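# Quick one: sequence plus predicted model below, questions after.
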Amino acid sequence: MPKKRKNKQRSSRSVKPSMNNVGLLALIQLNQETDREAFRNLLDTKCRNPIFKTYLYSNPVHYSKFIRRNINSYSFDNNWQEIEVWIKQIIQFKKQINEFLELKESIEKNVLLGHFEAVLDALAIIKDRFGYSYWQVQTELSVLSFISQDSEALKRYKFLVENRNRPVEERDLDIILSNASSSRTSERNDYSFEAILEGLNNSEGKALEFLFRFDPLNFDDSDFKGIFEYLFPASIIDKYLAFCRMAMVCQAKGNFENDVVKGFLSLGSHINDYKLININRLQSGEMTLQEEDKAIIDICDTYMMGDFESVIGKCEHYLTKWPNIANAYEFYVNSLIALDRGSSFNKGSLIHKTISQLRSYIVGRGDVSFTSLTRLFQQFNHFDVMPLVKLVELKGNICHDTNLVRALYSFLDINGSTFNPFRNNLPNQKSISYVIANCKNDDVYLLDIPEYRKLKWHADKLFSENHFSDALDLYKKITDCPLHLEDEIRAKIALSMIKSGNCQSTVEYISNSYFENPKNVWKLPKELLFKEINESEDINFDSIDTVISIYLLLKDDYTEHQVISLYLNDYLMQFGIKSPSELLPSCYKQRFLLRNICDLSILEGLNIYRSNNEKILDRVNILSNLISEEGEEDKVLEELEFMIHQYTKNSCVKKLGKGKLHVDQSKVFAESKRLYASVFEELVLELDREESSPQSELSVSVTQKDQKIVRTDRKAFNLALFLMLEIRDIYTLNPMFGLDNSLNVDIRHNGIVPRLRSVFEKHDLLCRQVNGEYLDNEFIEDCFKASLTNVYYRKLQDAFKVFSKSVNDFLIRIKNSYMQIGTDDLSSIDSLFKFSFESDEVNNMLSLIKSGSTFDEIIKWNINSLDRKAEQLIEAGKVIIVNLLPTKVDSYFRELKSVSNDLRNNAYRVNEKISLAKTDLISASNEVSGWLDFVKSSGEHFDINVPILEALNFVQNLFPIVEVSIKQGTVVSNIYDGRHLKSFIRVFIMLFENSVSRRKFKQKCELVIGWEEQNESSTLTVSSLSKNIDLAKVQEINNTVNDINYLDKASRDKNSGFYKIKKIFEQDLNAQNRIELCADGDSFRVKIEFVNKNILKKESD
């Protein structure tokens, strides 16, 4: 008997239900209850079960090492069910939540004001009392990076990653670290985040956006279901904060009756949260003004009176007490701009950085990128003052959607003061701001406010009532307004003009405003103005102001360049010319048209060129005309250099191999030089400072993650790394000419998945998919449905559906993971294109700079380095595709065969298809791997006359008023490999351009070409008559040009062309060579001897 009792006890323990099973079963039962009161009663009953209670309640003890519990997410059918469960959970932990909210409020205040020691202490208390949460980790990592303690941030990140429960937790921690890191750019951060979203379903993607890219305008109640589901395993802290934000979104958008708002307000007797109180005040109509409300009214009224000195003082006083009143930031910034002041807040504080960057952006008037503000928005996205950044971005468009702006203001009101006087719910209706915002007549003229305010109020009123002509008259009278209003008024003037039917006046106004100051067109509502001008019946196509205005309105939208081309063509028709280069500029507007509008992109749309090179030559002609008119300028000369690259590249039209990848290095170079010249200058200055510092100050501590650099304590090193990362991102991620463009266009979306899937479709192995469900396999249905039992037939069909899903999931993984660019530690683990740097590479670049390398040389060095990395990654990727793909799919084939073998005598009908598919898959894998290569092109094999004539054609267009001719009597026989055609064209262009530039006679230049061929070498000479030959310079070049240690001069000196030619022979052609310059009187000759062995056409070709 005792033995039996013992067995019973063991039996009882062995069937004890798990917490997860009990919890899931209870949730399923709750989900079936559709009556709200019955749901609450059932939930109360379920919570009496201690196992379910442990499962349901997010006790802080579960989060001592994690940000998510190790339980599955669950989604109810209705949002109200989710809300009832969350309310139950929040009330259970109301004491802890109230303690947390008190700490959270002080933390956010201290972060904004820059009291970071107190912040870190409070965050430690939160972690000890309530465990980890998304909010706690986001705040801690962001603050640590903000105060340059990235190594500490990384240490905390590593702890959580090592203790993660599930992969999704590591992914979220990666996003948090990515957001937190001050050294990352907003573009790179967004790219990483968007790459993650691409592989997720919509509801999970929305949940991640809610957590890490929160913008109130991007969410409504249809998105809440996915957020509830995703945060099911999250801490009670994160659930309450998400609940609060969802309620704020609904309230701000006027969705007052939403279940989320009602549910959140039901917590009023349990939770002490000023945001909950503010929503309740708005809902109930409670009109008592709090101190914060009086502060914002005082600021607004003082601002409207134009007393900017007092506004600054009051903002600094009130924001020190309540830095969460984000709606006051705009008044403070505009007042600082009006008096040309800077922020007086602690320079290390978040409020100072936000204010300073807002000020720089507005004062920059289009010259300052919004990316720094976007980066702050990402880094502190979990703070409810940050939607202010989105508000400023939205208001950058004068014709913004007023409903969206009102919703953002309302959201910020909830976070600060609910009684903003510019809304219509103010109890103190004597407020000047309230009167101005709600005035219906001319009483505004009786107010003690500046004249420009009165005029603008009246003009805006007329404008909103469509009295555009009267509004225009008033806008033109405004002459003394602050800088931040000037652009708005200028935009309203342009709109009033065009809407009054004055098309010509409008285009003249836009054009003249630009030439007065290019920044004047910054805030013009470009899309709306173009639409109105384009549809006007009075448009004058012969007016140069028309084409210039259309260009200014559309130039930033590449897809509209064809429209600019049409307007350009209309303008040029009046002159009876065949191409833009025939237009000889007679005024500054025509010179602008030729220099800026007639670029390659716009010329393309004219459809008058028979080839790309003809288009390039016309642009060369235009640049030549500008040089003759205005003299040589660096930008024009740089563009000519770019034209040479494009011209020679277009001469090589024969595609070699099957590679589909392409990076336009010349555009990477140009973009890098345009964007980061100031960073390079700062780096050079920092290196100079280091040179004069004691050696002890130059110690470097390198923090790494998985062998990749994160940060050092040496400023020059960090600047160099930043520069390398930015050039890398242009090379890899630029959507027009970076590596990811060809990955996206030629591989991800045009080939790899359809090509690989075709193998399985060809052999009838895949099931069709409709609305996410797999249908029965048609081959199996046709062959076996009549002959098999229903049970086995269903088993076989299910096996094919599992096979189809496995194959499709893996192919999508190849597309969305393997074929994505990986640019840092947080890249997808499957990416075949991970571009990272080691500290030695950064130090190598620093050494080059210290030895005197120019920015041009550093950019080229980086591009060459990235080319090498790309080649290595491509080769490794080919091996992975060829080996991994068949191996992985083979496991799916084995599972399918294990079921099909039960067909016995008929098994061969399936197994034969599997065998054929396996063979075809190997072939397809090899084919696809071949796509992973750079596009290689060449010209036809050529004799030396071909590049001579191509170069002559180019130079004749470069100097249209000079009669350039060649004299060449030598017979040539050597045939060169077509891959080297572009190098030879570049050499001859540089030789010819140098000769013509230094020509003796103004109107003509004869080039005498000499050519001798020996067994393994050739000798080329180019002679011409030249003026002002500097014999000392000739001697200096002869002394240095053949020394490879002087190749760095190829980008520097005025006479650098000969070093560039040397570099082409040394590096591009890999041919031994010697260059010699000769001068005899006014005759100048260049002699080049080179070995042919590596560059001649092979006999096998």
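Looks like it came in fine.
# does Ser581 really touch Ile622, like I thought?
Yes: judged on CB atoms under 8 Å, Ser581 makes contact with Ile622 at a distance of 4.8 Å. (Each C-beta comes from the backbone N, C-alpha and C, glycine too.)
# What is the helix or strand containing Asn613 packed up against?
Counting by DSSP states H and E, the element that carries Asn613 is helix 612-630. Other elements packing on helix 612-630 under the criterion 3 or more CB pairs under 8 Å, 6 or more residues apart in numbering; DSSP states H and E are helix 588-592, helix 600-604, helix 634-650, helix 945-958.
# Would you check how far apart the closest residue to Asn327 other than its chain neighbours and Ser349 are?
Take Asn327 and drop its neighbours on the chain: the residue closest to it by CB to CB, 6 or more residues apart in numbering is Leu412, 5.1 Å away. Look at Leu412 and Ser349: by CB to CB, to the nearest Å, they are 19 Å apart.
# can you check Glu927 too?
Separation of Glu927 from Ser349 (CB to CB) stands at 58 Å.
# So between the two, which is more surrounded?
Neighbours per residue (other CB atoms under 10 Å) separate Glu927 from Ser349, with Ser349 holding more: 20 against 14.
# unless I'm mixing things up, that one is touching Gly114, no?
Yes: with contact defined as CB under 8 Å, Ser349 and Gly114 form a contacting pair (2.9 Å).
# more neighbours, Ser581 and Ile622?
With neighbours defined as other CB under 10 Å, Ser581 and Ile622 compare such that Ile622 has more, 26 against 21.
# re earlier: so the residue nearest to Asn327 sits in a strand?
No: per DSSP: H, G, I helix; E, B strand; the rest coil, Leu412 lies outside any strand segment and is helix.
# Around it, how many other residues sit close by?
By other CB under 10 Å, neighbour count at Leu412 equals 27.
# Longest helix in the protein, please.
The longest helix of the chain (DSSP state H) is helix 855-900.
# Give the next helix or strand downstream of that helix.
Helix 855-900 is succeeded, C-terminally, by helix 907-931 (DSSP H and E).
# Just the buried positions in that following helix, please.
Residues Val910, Asn911, Lys913, Ile914, Ala917, Asp920, Leu921, Ala924, Ser925, Val928, Ser929, Trp931 are the ones in helix 907-931 that count as buried (16 or more other CB atoms under 10 Å).
# how about the third one, what does it touch?
The neighbourhood of Lys913, defined by CB atoms under 8 Å, 6 or more residues apart in numbering, consists of His763, Asp764, Leu765, Phe779.
# swap the cut-off to 7 Å and go again
Counting by CB atoms under 7 Å, 6 or more residues apart in numbering, Lys913 touches His763, Asp764, Leu765.
# Could you dump these into JSON lines and include pLDDT?
Formatted as JSON lines, these follow (pLDDT from 0 to 100):
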{"residue": "His763", "pLDDT": "91"}
{"residue": "Asp764", "pLDDT": "91"}
{"residue": "Leu765", "pLDDT": "92"}
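# Which of the residues you listed ranks first by neighbour count?
Counting by other CB under 10 Å, top hit in these: Leu765 with 23 neighbours.
# Which helix or strand contains it?
Leu765 belongs to no helix or strand when assigned by DSSP H and E.
# show me the contacts for it.
Per CB under 7 Å, 6+ apart, neighbours of Leu765: Phe803, Lys913, Ala917.
# Any stretches of the stretch 951-1100 of the chain with poor pLDDT?
By pLDDT under 70, the weakly predicted segments of the stretch 951-1100 of the chain are 970, 1047-1055, 1100.
# show me where it has strands.
Taking DSSP state E, counting those that start in this stretch as the test, the strands found in the stretch 951-1100 of the chain are 963-967, 1004-1013, 1017-1025, 1073-1080, 1083-1091.
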